[in-house]
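K.L.:
Model the following, please.
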Amino acid sequence: MRNFGLSIREKSIVCIGFMGVGKTTVGKLLALKLYRNFVDIDAEIEKEFAMAIPQIFELYGEQVFRAKEKELIERYSQQPLNIISVGGGAFLQKEIQDLCMTNCIVLFLDISWESWKDRIHILTDNRPLLKGRSLEDIKSLFLERQNSYSLNHSKFQIDNFKAEEAADYLADALKLSWEIHAPQPK
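P.N.:
Down below sits the predicted model:
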């Protein structure tokens, strides 16, 4: 199902980007500012499995996790007025890219490698894909994923922004865009 009937103002917004970039933190704040529902796909997966993502990976494997992720993104991307935070690996799947690009506004929260590297100490415990990897391996993963994230409707460089500042800027930019693209009376 595609939500072709929705105006640009009603379409859900999907936040993409590398793990730990702030998709959930900024997304929650943006949802409050735009009076929308916030959906964290990783949190929804954890609810459905009643366990943390590292346990899901360990017990069921990445393939089961990715299938559930796709199912939930498909459901929420077709609903209006959501801010959806997707995991860093979700947007690597072509079907998810197509769903999001067709049904939603895709917002890429970008960060430089140097800025992201400063966050690594708070990320390694709960990110299965970082476990046991060297900094060089993680950098390769980071750079590989940048290509997938380049498919978006809007890119925001988050390096020099605090979460609240980023959400304010994005809310203002989206509102301006909606005004510009609003249907003109005849």
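
K.L.:
Quick check, residue 100 in contact with residue 91.
P.N.:
Yes - if you go by CB atoms under 8 Å, residue 100 and residue 91 touch, sitting 7.2 Å apart. Every residue, glycine included, has its C-beta placed from N, CA and C.

K.L.:
Find the residues that touch each one of those two.
P.N.:
Residues touching both residue 100 and residue 91 by CB atoms under 8 Å, 6 or more residues apart in numbering: residue 16.

K.L.:
Please, which helix or strand holds the closest residue to residue 161 other than its chain neighbours?
P.N.:
Nearest residue to residue 161, sequence neighbours excluded (CB to CB, 6 or more residues apart in numbering): residue 169, at 6.9 Å. Element membership of residue 169, judged by DSSP states H and E, is helix 163-180.

K.L.:
do residue 156 as well
P.N.:
strand 154-157.

K.L.:
Show me what that strand packs onto, helices and strands only.
P.N.:
On a contact count with 3 or more CB pairs under 8 Å, 6 or more residues apart in numbering; DSSP states H and E, strand 154-157 meets strand 105-110, helix 163-180.

K.L.:
and the longest one, which residues are buried?
P.N.:
Judged by neighbour count (16 or more other CB atoms under 10 Å), helix 163-180 contains these buried residues: 163, 166, 167, 170, 171, 174, 178.

K.L.:
which helices and strands sit right next to that helix?
P.N.:
Judged by 3+ CB pairs under 8 Å, 6+ apart, the packing partners of helix 163-180 are helix 23-33, strand 105-110, strand 154-157.

K.L.:
Using PDB, write out every CA atom in the second one.
P.N.:
Only the C-alpha atoms of strand 105-110 are listed here, as PDB (Å, rounded to 0.1, in the frame of the first residue of the first chain):
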ATOM      1  CA  ILE A 105      10.000  12.500   3.900                       C
ATOM      2  CA  VAL A 106      13.400  10.900   4.400                       C
ATOM      3  CA  LEU A 107      15.700  13.000   6.600                       C
ATOM      4  CA  PHE A 108      19.400  12.000   6.700                       C
ATOM      5  CA  LEU A 109      21.100  13.100   9.900                       C
ATOM      6  CA  ASP A 110      24.700  13.100   8.800                       C
END
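
K.L.:
Residues contacting that strand, please?
P.N.:
8, 11-17, 21-23, 26, 100, 149-158, 166, 170, 174.

K.L.:
before we move on, back to that, just checking, the residue nearest to residue 161 touches residue 163?
P.N.:
No - counting by CB under 8 Å, no contact exists between residue 169 and residue 163, whose distance comes to 10.9 Å.

K.L.:
can you pull out the strands in the protein?
P.N.:
Remark: strands assigned in the chain by DSSP state E are 13-16, 37-40, 82-85, 105-110, 154-157.

K.L.:
Next, format these as TSV and append mean pLDDT and mean neighbour count.
P.N.:
Output for the strands of the chain, formatted as TSV (pLDDT from 0 to 100; neighbours: other CB atoms under 10 Å):
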stretch	mean pLDDT	mean neighbour count
strand 13-16	97	27
strand 37-40	98	18
strand 82-85	98	27
strand 105-110	96	23
strand 154-157	96	15
